[in-house]
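Visitor: predicted model and sequence follow; I will ask about them next.
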Amino acid sequence: FFFCLFEMVDRNITQRKKEKETKEEIKQVETKKKEKKEIPFVFKLCALGMTLIQVILGIVMVVMFAIYMFYGGGTRFPKNDLVQDPIFDSSSLEKIADLRYPPGNIAVSSTGRIFVSLHPDGHPP
């Protein structure tokens, strides 16, 4: 009986020692991993490159937004900025054509020929 009891106690003690040793080994491995976690230079260089690309893209987006806000905004033409007093009296003007779209680049040659550019994507009024 005592021999069996002694053997059980001995097994229990050796098992606890093994558990302690494995726990210590795990801790040592983890501390070695923490010490070895230095990032290679190539990865650092890639991270720096990606950061620079993100900064440049951010600057480009800000500049594009500023240009859009300054020059764009969704309106086709300035309203009432082009309205001035007429140079000629309405009786001296002659109607040449009745167009569905607003004409662009109107020019008259020295022989009296009239040239006009029309484009349906001009978004007629």
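Guide: Now that the structure is in, tell me what you want to look at.
Visitor: where exactly do the helices run in this protein?
Guide: 2-35, 41-71 (DSSP state H).
Visitor: out of these, name the one with the poorest average pLDDT.
Guide: Lowest mean pLDDT within these: helix 2-35, a mean of 70.
Visitor: which of the helices of the chain sits closest to L99?
Guide: Among the helices of the chain, the nearest to L99 by Cβ to Cβ is helix 41-71 (28.0 Å). Using the backbone N, CA and C atoms, a C-beta is placed for each residue, glycine as well.
Visitor: how about that closest one: buried residues?
Guide: Within helix 41-71, no residue counts as buried by 16 or more other Cβ atoms under 10 Å.
Visitor: want to try TSV for the helices of the chain, with distance to S92 as columns?
Guide: Output for the helices of the chain, formatted as TSV (distance: least, Cβ to Cβ, whole Å):
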stretch	distance to S92
helix 2-35	92
helix 41-71	37
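Visitor: for these, which one sits closest to S110?
Guide: helix 41-71 (36.7 Å).
Visitor: which helices and strands does the closest one pack with?
Guide: Helices and strands touching helix 41-71, as assessed by 3 or more Cβ pairs under 8 Å, 6 or more residues apart in numbering; DSSP states H and E, are absent.
Visitor: now that helix, how far from the centre of its chain.
Guide: 8 Å (Cα atoms, centre = their mean, to the nearest Å).
Visitor: and what of stretch 18-25?
Guide: Worked out by Cα atoms, centre = their mean, stretch 18-25 lies 51 Å from the chain centre.
Visitor: export it to CSV, keeping only CA atoms.
Guide: Extracted in CSV, the C-alpha atoms of stretch 18-25 (Å, rounded to 0.1, in the frame of the first residue of the first chain):
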residue,chain,number,x,y,z
LYS,A,18,7.3,18.4,-16.6
GLU,A,19,4.4,20.9,-16.7
LYS,A,20,6.6,23.6,-15.1
GLU,A,21,9.4,22.8,-17.6
THR,A,22,7.1,23.0,-20.5
LYS,A,23,5.6,26.3,-19.3
GLU,A,24,9.1,27.7,-18.9
GLU,A,25,10.1,26.5,-22.3
